[in-house]
Structures are given as structure tokens and as C-alpha cells.
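# Here is my input, please return the structure:
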Amino acid sequence: MQKNLSDFTDLGVAPDVPSEEEIWLEIRRKERLKVNRIYACHKYFGRKPWRPISLKIEQYSRPRDTVLDPFLGSGVTALESIHLGRSFIGIDLNPMSKFITEGMIDPDFNDKQFQEEVAQITVNMTSLVKELYLGDRNCAQCNQTLMLLHVNNGPKFKSPYDCKFYCINCGRHSRKSSLKSKANAFDEEKMNKQYKITKWVPETDFPKDFLKDRFSYKGIKKVKQMYTSRNLFFLSELLHEIKHGGYANQRFFLLAFSNTVLHASKLKGENVRPLNTNNYWVPDDRFEENPWMRFLDRINLVQKSKKELLIRNNKRKIGKATIQTTSSLKMELDDSIIDYIITDPPYGEAIQYYELSFIWNAWLGTEYHSDEEVIINPKQNKKVADYIDFMEKSVNECARVLKVGGFYTLCFQNKDFKIWNDLLNLFKSNNFEFVEVDIIDLKGTPFNVNWKSFSPSADIYITFKLGKYKPTNDSMNDIDEIMQQCLVEGKDDSIPDLYNHVIEKLIREVYLCENPIDVSKLSIESLLKMMEGRHAGN
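Numbering: from 1, shown residues only. Take a look at the predicted model:
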């Protein structure tokens, strides 16, 4: 691939002397950034980096093979599979999974038509946007009236409230350099007005069995109560325009709308973003954001996503995808038709997908039937034993639909070693042979930095082959012995690297040995304490 040397000036070396390795790394970095834009079309919780998924699909399947993901999530496996010329089947109970995945992988995109329809929506919505969010201050550069960007309105704040404004005419006071000003009587009148809503809004009640409820004590019982009167009114009008405007790109506009509704809600604060917590938390320092600006931002993301998808798909024979909103515990698939399975099931209780998708599904008018959700959630009466029982049914089904000799890659993490022990035993009982284990560090990905306190900082990819389980007898007898070997092999490892190394060996030990060591009572805390002591001793 021909590259201009000026593309590599940010490497910190003279532009005429980049090394071959530096050039290759920069090309790969830019490639990753472009593919990342495709996945940016809609946020989702716990999305995995696409590159390891892609490499596994290439390694363990061939073009025209059928790949299955029984816990589809945000569709990374779908996009990478069909991009590599495989047929794909994705299964997930969450309707948002089907909605996001189908919208993301859809190549039927005409940029000119898309821009024309965005312009039409803008024309149709401009009068309402001005009525709701236009201030009474003028731009110092072009003298046009400034538009509200957001206003602090949580109980932590007192009138006059802090506001931020921008100019829609000349671009002065953009998001990064918005004009800060105290709210005046004109601003507060619009902010406090009760708007008459005539279009559809979700009347959905929040369930009483939310595990992580940080909103009902503030009087929020329905989805529509997550919004100020002004923002709820605007969102209802915008959704009506998208659904009833006769737009060919309605499905893409709905992606942008869905990706707007959390930011336009009371879940957003000065120090809190809706997707940076593992629950619906209504902060006291919340602010009311202009949802039109957020929607346009999300429209821009969708447009970039579709354009990058078309570039990536160029001259490739893309596979077909089938997405089902159903349970992986009883799949509507024939026996032995799948060539390769790769999946990332829920890790226990870390991410409550039903709860975190509730507002999205309410606005789209879809229902998430969570009875068979594979999760640990005491409010749903789902304990560790129930989670293992669900996983057993899923693994049994996967063994049924997978061809003998086919591979199954499990991406998994959990802080409970008993769950590890029980899960690995499920694969043993279904005659899966152990193939390999890879540990992928997630520290560098921004989303996982935000979620690091809720889940481990590395993903473990374990690959099995459906055949006949074959234990070995060359096992170590205790964790101390494993620890000592890891310390010798990685004497310069940091504690996190040492932890990953130990976990990898423990997985092999538990799976491959006829009489493995008992790790069911081991905890991350005890393991880290043991490692720190050994590490210091070395």
C-alpha cells in the first residue's frame, strides 16, 4: 500500500526517516480508527474490541462457513464474520441487539439521499428547536441569537442556573468553547414550562425488581419521568417526524435517535454520563441538554459509520447475516449445522443488560422478555446456581448445533473462581477438547477504562474443539507451584500481567487435568495478596 511519508509525522521522527516498523504500525493504527468509526454508530454496554474477534474468526473458520454467536450483544461478531465472507447467525434476547446490529451491518446506504433527508428533517424541526432552546443573547461575531447548549437544573443548583450557549449561524461558541452565562427570566420560563405533549411517548413503568435502582427514590416510576417536560416534548416531536416523514433512511435516523435519548435525560450530570455507570443513576448535579444538538451529533456518527462500512466492504464478497431475538437456551437451529461459535456471554452480575437497555427499548416500543436472561440478579431470583444452570443449557445447545470438529471460542471473565470452575466443567461434560487460551488487555480502550471498577481489565479467550474430552495427568498439585512457575517465566511482569499469567495456567490446570486443583474457594483478593507477597520476595 502506497503511503505518503507526511502521514507519519506524528510518530515523533523526521518525516523522511520513518522505520518500516513505524510505518506499518501507523497504517494499522489508522485502519483500526476507521473500523472503530463503524462501531460508533450506537453505544452499547461491554462492547468487545473488534480486532481480536476478527482474528479468531479467521483462525478457526473458513470463507462460506457458518458462524454462530448465541449472545450477540452489539454485533461485533456479526460484522466481522460477514466482512470475512462467512454466513452468520446471531441470537440475543435483547431487541436492542437486533436493532443495533442490523442497523450497523446494513450496507444499503446512499450518502446523497441521506444528507438530503437530514436537511429535510432540519427544515421541519427548526421552528420547534428555536421555540424551545433559542435564548435572547446575541453572538458577538455575527449578532445572531444564540442557542442553548445545556442548563444546570438538578437540585444541587440554585437559580440563577448556569447555562451554555452556542451560535448556530457562524459556529462561534462551539461545544468546546461554549459561552457560559447565568440563566435569566427568559431562560427559566422555557425551562420550567409544562409543555403539552400530543405525540406518542413511552408510558412504560419501570419494573419494581431493578437490581440497581438509583432513581425510584427520587419519584421516577415511568420512563417518561426521566425527562424534563421540554426535552420529553421535543423527543416526542422528533420521533414522530422520523417515523411519519416518509424517509428512506428511517432505520438510520432511529439509530441516531435511540443513541440520543439517554443523553437527553436526567441521567446526565456535570460529573456523570449515562454510559459511564452500570446503572440508571439520576445525579443531583444533572443538567438538561439540548437534544437536537445531540441528535445531529449522532446523525454525524451514523453517516461516518455507513461511509466507512462501504469503504471497508469495497470489492469484498460479504456474507449473509440472520439475527434472531430469542433465547440461546433453546435455539431454533438444526443439529450440526454450525462451523464455528464465538461468543461473549454475560459475566455474571457485572452488566445488567435488561436494566441498562430498558429506556432504549421503551422508546423503540420493543419488549425485553428477561425470564431466560443469563444473568445473576437476586431481584429476579437468579443466583449463581441459576446462572450456571442457564449456561449449561446454552453450552448443551451449542454442542448440539456445532459440527463435530468445529471450534468454540468463549470470551469470558469473572472475579468468582467458582464460576470459572463450574463453567469449564460444562465444556468438559459436552466433550469439548481444550485448544488454547489468550488474554487480551483492555486497559487502553476508553469505554473499558470507564467500566474498570465493574469488571476485570482483561478478556480471556478460550477456544475448544468439539470432539472428545481428553484429560492429562501431568498436573501441578497446588496454586503455590503455579505461582512460582509464573514468577520464573515472567520475572519482570507487573502485578496485573502476573495475574493474567496465573489465570491462564489455572484454566489449563482445571481443564486438562484428570484430578485438578480446587479453585472454587479462591478469590481475586486472596490471589492478589499471594502474588504481591511472592512478587516482593523476588
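
# Would you map the strands across this structure?
For the chain, applying DSSP state E gives strands covering 66-69, 87-91, 134-138, 145-152, 162-166, 179-182, 213-214, 280-281, 287-289, 321-324, 338-343, 402-412, 432-441, 458-466.

# And the lowest mean pLDDT element among the helices and strands of the chain?
Least confident element among the helices and strands of the chain, by mean pLDDT, DSSP states H and E: helix 446-450 (a mean of 42).

# contacting residues for Leu309?
Contacts here follow Cβ atoms under 8 Å, 6 or more residues apart in numbering; on that basis Leu309 touches 38, 104-105, 107, 109. Backbone N, C-alpha and C define where each C-beta goes, glycine included.

# Buried subset of those, written for ChimeraX?
Entered in ChimeraX, the line below selects the buried ones among these, by 16 or more other Cβ atoms under 10 Å:
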select :38,104,105,109
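
# Need the contacts of Leu309 in CSV (columns: pLDDT).
Putting the contacts of Leu309 into CSV (pLDDT from 0 to 100) gives the following:
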residue, pLDDT
Ile38, 95
Met104, 97
Ile105, 97
Pro107, 94
Phe109, 97
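
# As CSV, the contacts of Leu309 with distance to Thr343 would be great.
Converted to CSV, these look like this (distance: Cβ to Cβ, whole Å):
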residue, distance to Thr343
Ile38, 20
Met104, 18
Ile105, 17
Pro107, 24
Phe109, 28
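
# Filter the contacts of Leu309 down to just the ones in helices.
Using DSSP state H, the members of those that fall within helices are 38, 104-105.

# Which one of the residues you listed is nearest to Ile318?
Proximity of the ones in helices among the contacts of Leu309 to Ile318 (Cβ to Cβ) peaks at Ile105, which lies at 8.7 Å.

# burial of the closest residue to the closest one other than its chain neighbours, as a residue count?
Distances taken as Cβ to Cβ, 6 or more residues apart in numbering put Leu79 closest to Ile105, at 5.2 Å, once the chain neighbours are dropped. Using other Cβ atoms under 10 Å, Leu79 has 24 other residues around it.

# Might one say that Leu79 is in contact with Trp50?
Yes: using Cβ atoms under 8 Å, Leu79 is in contact with Trp50, at 7.3 Å.

# Could you tell me which residues touch both of these two?
Jointly contacting Leu79 and Trp50 under the rule Cβ under 8 Å, 6+ apart are Tyr39.

# now the strands of the chain in CSV, with mean neighbour count?
Shown next, in CSV, are the strands of the chain (neighbours: other Cβ atoms under 10 Å):
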stretch, mean neighbour count
strand 66-69, 26
strand 87-91, 24
strand 134-138, 16
strand 145-152, 22
strand 162-166, 22
strand 179-182, 14
strand 213-214, 16
strand 280-281, 20
strand 287-289, 22
strand 321-324, 18
strand 338-343, 24
strand 402-412, 20
strand 432-441, 17
strand 458-466, 21
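
# CSV for those, including mean pLDDT and distance to Ile419?
Putting the strands of the chain into CSV (pLDDT from 0 to 100; distance: least, Cβ to Cβ, whole Å) gives the following:
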stretch, mean pLDDT, distance to Ile419
strand 66-69, 98, 21
strand 87-91, 98, 22
strand 134-138, 91, 54
strand 145-152, 93, 42
strand 162-166, 92, 46
strand 179-182, 90, 49
strand 213-214, 89, 25
strand 280-281, 92, 26
strand 287-289, 95, 39
strand 321-324, 98, 27
strand 338-343, 98, 16
strand 402-412, 97, 9
strand 432-441, 90, 16
strand 458-466, 92, 12
